[in-house]
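In: Build me a structure from this.
(one chain, ligands or ions: 1)
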Amino acid sequence: MYYEARVNTIADMSDNTIEEQIEALKNMGIGKGHIIGNTLWINDANPSGCGGYEAAVLLIKDGQYYSLESITVPWCNDNELIGFVRSFQNVSAMKETYGLSFDNPVKVNDVDTQVYFDCGCCGSGFRSTIKVQAKFDQDSGYGICPSCVKRSR
Ligand SMILES: [Zn+2]
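Out: As a prediction, the model looks like this:
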């Protein structure tokens, strides 16, 4: 699952060799993303989690992003990763395989749009914008919900 409430640092790896792309995916840190052709791979790991990280793969189409797949990268060998990277470039095949619809784009690094956050204080989910939550200096994907803000005053 891709967390819209995070801001990710994105590098375009499209012109790198497939070997370099695979190395980059295996070494991608939290909050980092790599564009490979028409896909954006983002390290979506929970900062408090341990072990293998899960990459959210988003399909890029007409400047919009759509959730495609989640891949636990350390569980894959290089050949499997190469297979994913290559097969994801075939959009019409992906559309069929995943039953993709292009109705609900996800927000990537959009600081002004309402997205879901987890409250770092009480744990409840709420909607806000990255811009509003930035001042609370929480880990990516977390914020402080309105009722906790009120309580702390
Ligand atoms: Zn709260």
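In: Just the buried residues of the helix or strand harbouring residue 57, please?
Out: Using DSSP states H and E, residue 57 falls within strand 54-61. Neighbour counts over strand 54-61 (16 or more other C-beta atoms under 10 Å) mark 54-60 as buried. (Glycine included, C-beta is placed from N, CA and C.)
In: can you put these in JSON lines and add distance to the ion?
Out: Compiled in JSON lines, those are given as follows (distance: C-beta to the ion, whole Å):
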{"residue": "54", "distance to the ion": "26"}
{"residue": "55", "distance to the ion": "29"}
{"residue": "56", "distance to the ion": "25"}
{"residue": "57", "distance to the ion": "31"}
{"residue": "58", "distance to the ion": "28"}
{"residue": "59", "distance to the ion": "33"}
{"residue": "60", "distance to the ion": "34"}
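In: what residues does the helix or strand just after the strand holding residue 57 touch?
Out: As assigned by DSSP H and E, the chain's next helix or strand after strand 54-61 is strand 64-72. Identification of contacts with strand 64-72 by C-beta atoms under 8 Å, 6 or more residues apart in numbering yields 1-2, 39-40, 44, 52-59, 81, 84, 88, 94, 98, 100, 102, 104-108.
In: Counting neighbours, which bits of strand 64-72 end up buried?
Out: So for strand 64-72, counting by 16+ other C-beta under 10 Å, buried means 65-69, 71.
In: Just the pLDDT at the closest residue to residue 86 other than its chain neighbours, thanks.
Out: Leaving aside its chain neighbours, residue 86 sits nearest to residue 18 (7.8 Å; criterion: C-beta to C-beta, 6 or more residues apart in numbering). With respect to pLDDT, residue 18 scores 97.
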